[in-house]
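> Sequence and predicted model, in that order:
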Amino acid sequence: MLLTRWGEELNKDCPLCEYPRPQFVRDSYMSLNGQWKLAFCKKGTFFDGFEYNITVPFSPEAPLSGVNRVLQKDEYLYYEKTFTLPEGFNKGRLILHVGAADQTADISINGRYIMRHEGGYTPFEVDITKFITDGENVLNVRCEDVCEDNEFSRGKQKTKRGGIWYSTQSGIWQSVWLESVPEEYIKSVRITPDFDKEQVRFDFDGADGVNIRIYDEGELIADTNERTVKIPDFKAWSPESPFLYDVVFTYGKDRVKSYFGMRKFSEGVDENGIKRLFLNNKPYFHNGLLDQGYYPDGYLTPPSNEAMEYDIKTVKELGYNMLRKHIKIEPLLWYHYCDRHGIIVWQDMVNGGGKYGAEVSVLPFVGIKIDDRKPKNFHRTSEKAMQLYYTELDEMLNLLYNCPCIAVWVPFNEGWGQFDSAKAYRHIKEFDSTRTVDSASGWHDMGVTDVISKHIYFTPIKVKAGDKPYVLSEFGGLSTRVKGHTFNDKMFGYKIYKDCMSLTKAYKKLFDKVIIPQIKDGLAATVYTQVTDVEDELNGIMTYDRAVIKVDAQTVKDINERIKL
């Protein structure tokens, strides 16, 4: 079993117990992570006793859960956690939060059924005030997950893992926690910086007359009840200077802390007439890595929040300015670390659909584009799953809208479960006109998108500037094995090298001879594959356990110094 150093130090009684929502902070917080009871039950049968203790929020399949058992398709998971509220915790209303549970979750408190959530990658919450009793309370969660046997979101999980597909996991895999709010409280806020007008707008859900206080490094610069606030001579957010303003919202007895960055993402034309991605009204090259967000000991769940931050800090120290979060929605702390350390994020929507076929594995490589207005062309046949896609898409957009780091939304990747990408583009733009949209990353672009998005692994990279910024949204995948730091004995990579030295030479040649020379020709962004090895994939800049940087760090830094406009 391959462990990260954070997994080796795991506190099973309080894993990932830091406050999980830095974009919307209250002083009321009670973590329910830690030791729960768990049973695997046959569908169609009643629960008849617990078999395991499980460390939540790790899925039972993940080594750090302490269970190490795969949920079968004819089974469901049944969890139980008892808790007692501290004296004075209840301020009027009690809210239960679940960061993510794969794929469906039914919630009960003290034997009373409360709600059902569908979709394995987005958080949900529920008011449990009327279900709570004095003294000990019992929370039960029932989860079902059949991975690719339905068309729900599943990401890179596959029952028969291997190659670019990873181990399945099920059930709760992000933090479970409680907060208490007054009877009248701020349900949410939408923060929209307007770079050109030197102002920021706040739109609240469930509250009128909210007081807004904005701070610049502790100095109060605005105290108002107006929704739109001018900030003359503001400090801009960028990877080079990731400045964040603090803000406090007060509504009656409710008090919430947040933050925002003054920045603008757009597309434009440079002085040579070439289409570029722009940051703060200037051409800006997005130089980044594909980031799967998997760990050998926690799978989709990081072994600690420090482990998440380590990835981001390492990427930044190596000189990259962007990460493409691939087919996964992370805990909110991950985005906070990107906000704080200055890493631009391209955020993928999680893929679903039926069994992928020639539309993914063959046709794109012979130049055939398929019309995605016919969902069955991409193995999308379930109306319910297509509706759930949009439900989860909206949940993702709402969840991450306030993160300054996010520059690009990616609704579909490589045709995986793609359907009507033009509709998805318009849907996203209607909700959020402040960010770029890569409608169909890789191939099967229907023309309704903000970028020319190419994945090139096997053929020569030839950049051809067009009427949109040309982004190399996946490439590279150069691989080598580091003995003692791999998941198993298998190896997948697009080009394989014998050791780290030869890998470094190949990486340098790729950038010196192919990538950097084509920036002047119109190359606007690059997403190299990838941050870490993942299971069979040994194409990471780092090993899967994050113990070894496989490409010489100074070489990478020197190259990244030259990747700019």
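All right, it came through fine. Quantities reported herein were computed from a predicted structural model and do not represent experimental measurements.
> Give me the contacts around the worst-scoring helix or strand of the chain on mean pLDDT.
Lowest mean confidence among the helices and strands of the chain (mean pLDDT, DSSP states H and E): helix 358-361, at a mean of 77. Helix 358-361 is touched from outside by 370, 377-379, 414-416, 444, with contacts defined as CB atoms under 8 Å, 6 or more residues apart in numbering. Where C-beta positions appear, they are placed from N, C-alpha and C, glycine not excepted.
> which residues of the stretch 301-450 of the chain fall in helices?
With DSSP state H, counting those that start in this stretch, the ranges of helices along the stretch 301-450 of the chain come out as 305-317, 332-341, 358-361, 383-400, 421-431.
> Top of the contacts of helix 358-361 by number of neighbours, please.
residue 415 (29 neighbours; other CB atoms under 10 Å).
> Distance of it relative to residue 158?
16 Å (CB to CB, to the nearest Å).
> Report the buried residues of stretch 100-112.
100-109 (16 or more other CB atoms under 10 Å).
> for stretch 229-247, same thing?
Under 16+ other CB under 10 Å, the buried positions of stretch 229-247 are 229, 231, 234, 236-239, 242-247.
> where does this structure have low pLDDT?
Scanning the chain for pLDDT under 70 picks out nothing.
> Nearest the middle, which residue of it would you pick?
The chain has residue 329 as the residue nearest its centroid, 2.8 Å off, counting by CA atoms, centre = their mean.
> Quick check: nearest residue in space to it, chain neighbours excluded?
Distances taken as CB to CB, 6 or more residues apart in numbering place residue 121 nearest to residue 329, at 4.6 Å, with adjacent residues excluded.
> Next, count neighbours for the one you found.
Residues near residue 121, counting by other CB under 10 Å, number 26.
> Equivalent analysis for residue 347, please.
By other CB under 10 Å, neighbour count at residue 347 equals 24.
> Who are the contact partners of it?
Here residue 347 is in contact with 325, 329, 396, 400, 406, 408-410 (CB under 8 Å, 6+ apart).
> Now, the contacts of helix 358-361 that are in strands?
Among the contacts of helix 358-361, no residue falls in strands (DSSP state E).
> Looking at those, which one is closest to residue 342?
For the contacts of helix 358-361, the minimum distance to residue 342 (CB to CB) is 28.7 Å, reached by residue 414.
> from the chain's centre, how far out does stretch 245-260 sit?
25 Å (CA atoms, centre = their mean, to the nearest Å).
> I'd like to check which residues are in contact with the nearest residue to residue 51 once chain neighbours are set aside.
Spatially, and ignoring its direct neighbours in sequence, residue 51 is nearest to residue 39 (5.3 Å; CB to CB, 6+ apart). Shown in contact with residue 39 (CB under 8 Å, 6+ apart): 47-52, 77-78.
> Alpha carbons of the least confident helix or strand of the chain, as CSV, please.
Written as CSV, here are the backbone C-alpha positions of helix 358-361 (Å, rounded to 0.1, in the frame of the first residue of the first chain):
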residue,chain,number,x,y,z
ALA,A,358,-15.5,5.3,-30.9
GLU,A,359,-16.6,8.9,-30.4
VAL,A,360,-13.9,9.1,-27.8
SER,A,361,-11.3,6.5,-28.7
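> next one: that helix to chain centre, how far?
25 Å.
> Give me the buried positions along that helix.
For helix 358-361, a neighbour-count test (16+ other CB under 10 Å) marks 359-360 as buried.
> just to revisit the earlier point, hang on, the residue nearest to residue 329 packs against residue 350?
Yes: applying CB atoms under 8 Å, one finds residue 121 in contact with residue 350, separated by 4.7 Å.
> Next, show the common contact partners of these two.
In contact with both residue 121 and residue 350: 153, 155, 328-329, 392, using CB under 8 Å, 6+ apart.
> Please identify which two of those are farthest apart in space.
328 and 392 (12.3 Å).
> Mind listing the shared neighbours of these two?
Joint contacts of residue 328 and residue 392 (CB under 8 Å, 6+ apart) are 121, 350.
> Which of the helices of the stretch 301-450 of the chain sits closest to residue 266?
helix 421-431 (12.7 Å).
> Residues touching the closest one, excluding its own?
372-373, 390, 393-394, 397, 409, 411-412, 437, 439-440, 444-449.
> quick one: that helix to chain centroid distance?
For helix 421-431 - counting by CA atoms, centre = their mean - the centre lies 19 Å from the chain centre.
> May I see the buried residues of it?
Result for helix 421-431 [16+ other CB under 10 Å]: buried residues 421, 423-425, 427-429.
> so what's the residue nearest to the centre of the chain up against?
100, 121-122, 347, 350, 396, 399-400.
> picking up where we left off before, farthest-separated two in the buried residues of stretch 229-247?
229 and 239 (25.0 Å).
> Break down the stretch 151-300 of the chain into its strands, ranges please.
171-172, 176-181, 188-194, 199-205, 211-216, 219-224, 228-230, 245-251, 254-260, 265-269, 275-279, 282-283, 286-291 (DSSP state E, counting those that start in this stretch).
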